[in-house]
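task: produce atomic coordinates for the following.
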Amino acid sequence: MVAIYDATGSAAWMSATLLLTWGATGLLTPFGGALGDRFDRRTVMIVSDLAAATAIACLALTSTPAIMLAIALVSAAAQAPFYSASTAAVPNLVGADEIAWANGTVSVGRNAGQVLGPVLGGVLVGIVDPSIVFLLNAACFAASAALVRSVHGRFSDGAAADSEEHRGVRAGFRFLFGDPVLRMITLAWVVLLAGVGPILVAELPLTRMFGVGSAGYGLLAGSWGAGAIAGSFLGQRLGSRRERAVMIASAAGMAAGFAVIGVAGWFAVVLSGMAFAGIAEGAGSVAEQGIVQRRTPDAVRSRVIAASEAALLVAFAASFGFASPIIGIAGVQGTYLIAAAASVAAAAILVPAMRGLAAAEVGGDVDARSASPRTPGDAEADRPVVPTEQIRAML
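Sure thing, here's the model as predicted:
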């Protein structure tokens, strides 16, 4: 973004960059998910990292805006398969009783990177040429590929790739919207993100309203990030038995945090509200991942995660379209109150969804949908997937 703005001085170019990179991610994520189910997920993650590293390194070779934007589009496409493949691999790498811990651990790393990355990038771009920052970014992707390569264990069930029940890119959407629990969870997050999106646009006007400038803007983002990291740690310790309650509490907690910001008279209170909302979001994301992983068979898990991610990205991106009118009508702090109302609506949707999940667990539906437990004592063993005929019989 900085390099594009330095080269053009145009907000339109910056908007185009956001639109194309976010748009590419949303459109290509389902195809990336299909790769995670068709091929070994470790290989998909490594190739995704190396392709992204190559594309980002190419950004260091040009300062022409159109070429930079084209390369950024390729980079976004290269990164699309990674999230769904990595999230889908978790149940294959750990035992069923360790899924919450594993998701929380990965989430801590992801949230820490999202906090530190912009800070480091902002500092570096003020000291060195952007091309150096691009090369360092490419090196980070290469290091990620090396770390993935070092992990021992099965990332996929080899037999699941040949499943006849789940064919094609759309299989993830069919499963997601055919499962009542996953459908309601997705709807809840769509409603929440549609209300939360405009506050990203309102953040800078909010800091100006309180007279805290760019430092306050950084503190605002840092408070959310620190809260999300703390929430991820919390999610590690909650375990699968509390996932349903955490999902509802997460939406309610975000509502409370945004409501505090909406009525705050001091910026310190704003930061507290943002941190609290971040904690709620961090814990809720860990719980959601565990629920999705348990309810989804290995053969289609990556595509289901990708389908959910695509739906949320579309809702989030669409919310930017009406952010400006909302801020103009409701005011800066009123926008946070609208986000709080959307979070309350999401919590209301999650209540019957979690009741349905509890009923499904009592009926054994989760065991029918998820991968079988890992063989005790065999860290490298495949996770056998329940045969299709047995799934149909149990359902």
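
what does the pLDDT read for the residue sitting nearest the centre point of the chain?
The residue at the geometric middle of the chain, judged as the C-alpha nearest the mean C-alpha position with C-alpha atoms, centre = their mean, is residue 309 (6.8 Å). At residue 309, the predicted lDDT confidence score is 87.

now residue 30
Value for residue 30, per-residue pLDDT: 86.

can you pull the contacts of it?
By C-beta atoms under 8 Å, 6 or more residues apart in numbering, the contact set of residue 30 is 169, 170, 172, 173, 303, 306, 307, 310. Every C-beta, even on glycine, is put in place using the N, C-alpha and C of the backbone.

what pLDDT does the nearest residue to residue 63 once chain neighbours are set aside get?
Ranked by C-beta to C-beta, 6 or more residues apart in numbering and with sequence neighbours excluded, the top spatial neighbour of residue 63 is residue 7, at 5.7 Å. Residue 7 is assigned a predicted lDDT (pLDDT) of 80.

distance of residue 7 relative to residue 75?
When C-beta to C-beta, to the nearest Å is applied, the distance between residue 7 and residue 75 equals 17 Å.

who has more neighbours out of the two?
More neighbours surround residue 75 than the other of residue 7 and residue 75, with 25 against 16 (other C-beta atoms under 10 Å).

quick check: closest non-adjacent residue to the more buried one.
Ranked by C-beta to C-beta, 6+ apart and with sequence neighbours excluded, the top spatial neighbour of residue 75 is residue 55, at 4.0 Å.

how far away is that neighbour from residue 266?
In terms of C-beta to C-beta, residue 55 sits 44 Å off from residue 266.

which one of these two is surrounded by more residues?
When residue 55 and residue 266 are compared for neighbours, residue 55 comes out ahead with 22 against 9, by other C-beta under 10 Å.

what sits against the more buried one?
Contacts of residue 55 (C-beta under 8 Å, 6+ apart): 71, 72, 74, 75, 78.

how far is stretch 261-275 from where the chain is centred?
Distance of stretch 261-275 from its chain centroid, counting by C-alpha atoms, centre = their mean, to the nearest Å, is 25 Å.

stretch 131-146 now?
Chain-centre distance of stretch 131-146: 21 Å, with C-alpha atoms, centre = their mean.

again, but for stretch 17-25
On C-alpha atoms, centre = their mean, the centre of stretch 17-25 falls 16 Å from the chain's centre.

can you dump the C-alpha atoms of it in CSV for me?
Below are the C-alpha coordinates for stretch 17-25, written out as CSV (Å, rounded to 0.1, in the frame of the first residue of the first chain):
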residue,chain,number,x,y,z
THR,A,17,-5.2,-2.5,-4.6
LEU,A,18,-7.5,-3.4,-1.7
LEU,A,19,-10.4,-4.4,-4.0
LEU,A,20,-8.3,-6.6,-6.3
THR,A,21,-6.3,-8.4,-3.5
TRP,A,22,-9.2,-8.9,-1.2
GLY,A,23,-11.4,-9.8,-4.2
ALA,A,24,-8.9,-12.3,-5.5
THR,A,25,-8.6,-13.9,-2.1
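
tell me which residues in it are buried?
17, 21, 22, 24, 25 (16 or more other C-beta atoms under 10 Å).

now stretch 204-223
Residues of stretch 204-223 classed as buried under the neighbour-count rule (16+ other C-beta under 10 Å) are 206, 207, 210, 212, 216, 219, 220, 221, 222, 223.

let's have these in JSON lines, adding pLDDT.
Formatted as JSON lines, the entries for those read as follows, by pLDDT from 0 to 100:
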{"residue": "206", "pLDDT": "88"}
{"residue": "207", "pLDDT": "86"}
{"residue": "210", "pLDDT": "90"}
{"residue": "212", "pLDDT": "84"}
{"residue": "216", "pLDDT": "81"}
{"residue": "219", "pLDDT": "83"}
{"residue": "220", "pLDDT": "85"}
{"residue": "221", "pLDDT": "82"}
{"residue": "222", "pLDDT": "85"}
{"residue": "223", "pLDDT": "89"}
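
which of those fall in helices?
Using DSSP state H, 206, 207, 216, 219, 220, 221, 222, 223 are the members of the buried residues of stretch 204-223 that sit in helices.
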